[in-house]
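Peer 1: below: sequence and its predicted model.
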Amino acid sequence: MKQILDPYEITGGGTAYVYLDGKPFLNFGGNNYLALNSRKELKQAALRELEKTNGYSMHLPDAYGAKEEAFMSVEEKAALFFDTEAAVYLPSGYFIAHAAMSGLEGLYDAIVIDELAHWCTQDAANLSGHPVLYFKHNDLKDLEKVLTDLPASYRPLIATDGCFATTGEIPPINVYEKLAKEKMGVVYVDESHSIGVVGENGRGAKEFCRAGDSVHVGATLSKGICGQGAVFIGTHEMVKKAKTSTVLRGSSKGSPISAAVSATALEIVRKNPKLVKSLYDKTKYLKSKLSVELVSENSPAPIVSFSLGSFKKNRALQEFLFKRNIYVLHSNYIASGPSGIIRLSIFADHQTKDLNIFIEALNDFLNKDSFTK
């Protein structure tokens, strides 16, 4: 799908304003929800690591027993953030599910996945060597049917996103846990779009749904946390198993600079849960100003998405807003459908006036004669 940004050089971003060929645009595209990018603490962490590091990447994987301070720190901070025993740092969020399925090996016999779960979860499941089954998106009845059809001795690993990237939906993780435990199984949740922004302390959908110890999580650090890389968290034994997986054994841990920045960002969020509440209040305000015909999803995630019913109308809205120096996504990502979907991210540095500018522009578009209902 041709993108409206194709001709432009982008600078800034990840916050309320982005610069396209040097021109400021009110921004609702991206995933750095807490807008920590400009925090001096993150820049200082990067500079400190740059001064002392012997390289820009970790030259040996964990399997060789090598340890480096920046990676030890981010793993300690991640375990502290999630209030768990241990964590392993990964160079990319795409590795999370593979680490999790390796770390949880021995606790399940088959993997049951939401059909719209992120591609990394589906790919990891297909590489796991276990039977893989799918259930209809957020459909409890279909999940129950799939679980019932499993051989009696099979323990399921139910896998899902904690917050679906395109829609902002949060599945009923606590119910999934109940269903999994009935079959002596476990749940795996990819908290990539919920870490830092969902749950009282920003720990994600597991915390928001008040799920228990049979739910296991991983998360990228490049979205709400505004760092880079990812973590799988769990017991010492689970993390030890994850570190022996083929993906982790066959890859570098990534950049110590990224690890240092991510460790600092995790501490900022852990010590300032009000950041989560403030972002939720902004999300709630924007949703309250939109018609229920557009936005019906009652999720605390800082994502607003809707469709006007056709590709043509969605693209026309994006172009209309762009002419007013407002950038929104016309997304063709997972769950967007053939017409695509208009997706907005709300950022911590959005002001009420910014949200009102968007609302006014949207209403102007909807009131145009050619798009009246």
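Peer 2: Received, thanks.
Peer 1: and the chain, what are its domains?
Peer 2: 40-271, 273-368 (automatic domain parsing).
Peer 1: those strands in the stretch 201-350 of the chain, which residues are they?
Peer 2: Using DSSP state E, counting those that start in this stretch, the strands of the stretch 201-350 of the chain run over 215-220, 230-234, 303-306, 326-327, 329-331, 341-345.
Peer 1: nearest to residue 89, out of these?
Peer 2: strand 230-234 (5.7 Å; C-beta to C-beta). Every residue, glycine included, has its C-beta placed from N, CA and C.
Peer 1: which strands border the closest one, and is each parallel or antiparallel?
Peer 2: Strand 230-234 sits in its sheet next to strand 86-90 (antiparallel), strand 215-220 (antiparallel), going by DSSP bridges.
Peer 1: let me know which of these is tucked in deepest.
Peer 2: Greatest average neighbour count among the strands paired with strand 230-234 goes to strand 215-220 (a mean of 27), per mean count of other C-beta atoms under 10 Å.
Peer 1: can you tell me what sits against that strand?
Peer 2: Outside strand 215-220, the residues within contact range by C-beta atoms under 8 Å, 6 or more residues apart in numbering are 82, 90, 92-93, 96-97, 99-100, 103-104, 162, 173, 176-177, 186-192, 194-195, 204, 206, 225, 229-234, 238.
Peer 1: which among these end up buried?
Peer 2: Applying 16 or more other C-beta atoms under 10 Å to those, the neighbour count classes 82, 90, 93, 96-97, 99-100, 103-104, 162, 173, 176-177, 186-192, 194-195, 204, 206, 225, 229-234, 238 as buried.
Peer 1: to residue 3, which of the domains of the chain lies closest?
Peer 2: domain 273-368 (8.0 Å).
Peer 1: which residues touch stretch 236-244?
Peer 2: Residues contacting stretch 236-244 (C-beta under 8 Å, 6+ apart): 62-63, 85-88, 99-100, 102-106, 216, 232-234, 248-249.
Peer 1: try it again with 6 Å
Peer 2: 62, 85, 86, 88, 99, 102, 103, 105, 232 (C-beta atoms under 6 Å, 6 or more residues apart in numbering).
Peer 1: in stretch 357-373, what's buried?
Peer 2: Neighbour-count burial for stretch 357-373 flags 357, 358, 361, 362, 365 (criterion: 16+ other C-beta under 10 Å).
Peer 1: starting at the chain centroid, how far to that stretch?
Peer 2: Stretch 357-373 sits 30 Å away from the centroid of its parent chain (C-alpha atoms, centre = their mean, to the nearest Å).
Peer 1: can I get it in PDB, CA atoms only?
Peer 2: Taking Å, rounded to 0.1, in the frame of the first residue of the first chain, the C-alpha atoms of stretch 357-373 are listed here in PDB:
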ATOM      1  CA  ILE A 357      -7.100  20.200  16.900                       C
ATOM      2  CA  PHE A 358      -7.500  16.600  15.600                       C
ATOM      3  CA  ILE A 359     -11.200  16.400  16.800                       C
ATOM      4  CA  GLU A 360     -12.000  19.700  15.000                       C
ATOM      5  CA  ALA A 361     -10.300  18.600  11.800                       C
ATOM      6  CA  LEU A 362     -12.100  15.200  11.900                       C
ATOM      7  CA  ASN A 363     -15.400  16.800  12.400                       C
ATOM      8  CA  ASP A 364     -14.800  19.200   9.500                       C
ATOM      9  CA  PHE A 365     -14.100  16.200   7.300                       C
ATOM     10  CA  LEU A 366     -17.100  14.200   8.400                       C
ATOM     11  CA  ASN A 367     -19.300  17.200   7.800                       C
ATOM     12  CA  LYS A 368     -18.200  17.600   4.200                       C
ATOM     13  CA  ASP A 369     -21.200  17.000   1.900                       C
ATOM     14  CA  SER A 370     -19.500  14.200   0.100                       C
ATOM     15  CA  PHE A 371     -19.100  12.200   3.300                       C
ATOM     16  CA  THR A 372     -22.300  12.900   5.100                       C
ATOM     17  CA  LYS A 373     -24.300   9.800   6.000                       C
END
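Peer 1: how far away is residue 122 from residue 130?
Peer 2: To residue 130, residue 122 is 13 Å away according to C-beta to C-beta, to the nearest Å.
Peer 1: hang on, I meant residue 79
Peer 2: Relative to residue 130, and taking C-beta to C-beta, residue 79 is found at 27 Å.
Peer 1: those two: which is more packed in?
Peer 2: residue 79 (20 against 17; other C-beta atoms under 10 Å).
Peer 1: now do the contacts for that one.
Peer 2: Residues counted as contacts of residue 79 (C-beta under 6 Å, 6+ apart) are 86, 87.
Peer 1: residue 12 is nearest to which of the strands paired with strand 230-234?
Peer 2: Of all the strands paired with strand 230-234, strand 215-220 sits nearest to residue 12, with 20.9 Å by C-beta to C-beta.
Peer 1: now the closest one, how far from the centre of its chain.
Peer 2: Put simply, strand 215-220 sits 10 Å off its chain's centre (C-alpha atoms, centre = their mean).
Peer 1: need the mean per-residue confidence for it.
Peer 2: For strand 215-220, mean pLDDT is 98.
Peer 1: cool, stretch 295-309 as well?
Peer 2: Averaged across stretch 295-309, pLDDT comes to 87.
Peer 1: residues making contact with that stretch?
Peer 2: By C-beta under 6 Å, 6+ apart, the surrounding residues in contact with stretch 295-309 are 33, 163, 167-170, 197-198, 279-280, 283, 286-287, 294, 314, 339, 341-344, 346.
Peer 1: distance between that stretch and the chain's centre?
Peer 2: On the basis of C-alpha atoms, centre = their mean, stretch 295-309 sits 16 Å off its chain's mean C-alpha point.
Peer 1: sorry, back to before: need the strands paired with strand 230-234 in TSV (columns: distance to residue 256).
Peer 2: TSV is the format used below for the strands paired with strand 230-234 (distance: least, C-beta to C-beta, whole Å):
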stretch	distance to residue 256
strand 86-90	10
strand 215-220	18
